[in-house]
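K.L.:
Have a look at this fold, sequence not included:
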């Protein structure tokens, strides 16, 4: 499965989860260019993942208006985002599917010369409105 499915009522929280996970994936892929084995170890170590996600949460809060303008709808409010809840939800999403997608992409990168480029885009869906 290449999708992460959320059931998030709070539009600001959904935006924050989506943004943090996107920042985290970008961070992992950038690091993988020079440090593939280390990145694989980071993804597999829960403490390392927690720290990497916390850094991305801090980045979101530090530049909230920028990310809101670039990726948001304009309705997101920083005060509607609980940092602890955000952390718990991004960790759950990481375990739900983000980790598997990252590992597939990193493995595909090693096989690229033999089989051609592969890439699975992280897709995050909010199914709250479907219930």
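P.N.:
Happy to help now that I have it. No experiment lies behind these values; they were computed from the predicted model shown.

K.L.:
Which helix or strand contains residue 27?
P.N.:
Assigned by DSSP states H and E, residue 27 falls within helix 11-32.

K.L.:
Need the contact partners of the helix or strand following that helix.
P.N.:
Note on helix 11-32: by DSSP H and E, the next helix or strand toward the C-terminus is helix 36-44. Under the criterion CB atoms under 8 Å, 6 or more residues apart in numbering, residues 28, 31-32, 48-49, 52, 99, 102-103, 106, 109-110 lie in contact with helix 36-44. In short, each C-beta sits where N, CA and C put it, glycine included.

K.L.:
Dihedrals phi and psi, residue 33?
P.N.:
phi -60, psi -40 (degrees, to the nearest 10).

K.L.:
In contact with it, which residues?
P.N.:
Residue 33 neighbours (CB under 8 Å, 6+ apart): none.

K.L.:
Can you name every helix or strand that the helix holding residue 27 contacts?
P.N.:
Here helix 11-32 is seen to pack against strand 3-6, helix 36-44, helix 46-62, helix 64-71, helix 83-93, helix 99-115, strand 123-126 when contacts are counted using 3 or more CB pairs under 8 Å, 6 or more residues apart in numbering; DSSP states H and E.

K.L.:
quick revisit: any idea which of the contacts of helix 36-44 is closest to residue 70?
P.N.:
residue 28 (19.7 Å; CB to CB).

K.L.:
Thought residue 102 was touching that closest one, still the case?
P.N.:
Yes - counting by CB atoms under 8 Å, residue 102 is a contact partner of residue 28 at 5.6 Å.

K.L.:
in terms of contact, does residue 98 touch residue 22 like I think?
P.N.:
No - using CB under 8 Å, residue 98 is not in contact with residue 22; the gap is 10.1 Å.

K.L.:
Nothing else from me, thank you.
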